[in-house]
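In: Sequence first, predicted model second:
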Amino acid sequence: MVWIILRVQKEFNISEVALSEAVTEILFLRNLCNEMFDLKFNKPIKIYEDNSGAVAIARYGNFTKNSKHIEIQFHYVNENYQAKIIEIVKVDSNNNLADIFTKALNREKFLNNREKLNLL
């Protein structure tokens, strides 16, 4: 039981860190496009996330006793969501196309994701 809780907490931490890194990159690229090419973004930039805990914190700032340890530097994900700079879209884990780049998949799922991404 303890191992399962630690594993879930570890997966959540990884997702939250990855989400905050994605927001950092998006903000950099958004500012770069604005300064270099005078491009303005009228709509929020979508980020697809399959971790429900990370989505809840990003959207609603649902900080619970289990998520209080999250460093302050990651709270800006929620701030950017509230400011409508980003939009967090919940993706079902079975339909997460990014898995092809981050996980070892069985043959069927690999071929399915590869086809959806138009690779080969």
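Out: Arrived safely, thanks for sending.

In: give me the low-pLDDT residue ranges for this protein?
Out: 1-12, 62-74 (pLDDT under 70).

In: the strands in it, which residues?
Out: 45-49, 86-90 (DSSP state E).

In: Ok, which of those strands comes nearest Arg114?
Out: strand 45-49 (17.6 Å; C-beta to C-beta). Bear in mind the C-beta positions are built from the backbone N, C-alpha and C, glycine included.

In: what packs against the closest one?
Out: In this structure, strand 45-49 makes packing contacts with helix 2-37, strand 86-90, judged by 3 or more C-beta pairs under 8 Å, 6 or more residues apart in numbering; DSSP states H and E.

In: Starting from that strand, tell me which strands it pairs with and how they run.
Out: Looking at strand 45-49 with DSSP bridges, its partner strands are strand 86-90 (parallel).

In: which residues are contacting the strand it pairs with?
Out: Outside strand 86-90, the residues that touch it by C-beta atoms under 8 Å, 6 or more residues apart in numbering are 19, 23, 26, 43-50, 52, 55, 58-59, 77, 80-81.

In: How about it, which residues are buried there?
Out: Neighbour counts using 16 or more other C-beta atoms under 10 Å place Ile86, Ile88 of strand 86-90 among the buried residues.

In: CA atoms only for it - export them in PDB, please.
Out: Listed next in PDB are the C-alpha coordinates belonging to strand 86-90 (Å, rounded to 0.1, in the frame of the first residue of the first chain):
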ATOM      1  CA  ILE A  86      -2.800  28.500 -21.400                       C
ATOM      2  CA  GLU A  87      -5.600  26.000 -21.500                       C
ATOM      3  CA  ILE A  88      -5.200  22.600 -19.900                       C
ATOM      4  CA  VAL A  89      -7.000  19.800 -21.800                       C
ATOM      5  CA  LYS A  90      -7.400  16.500 -20.000                       C
END
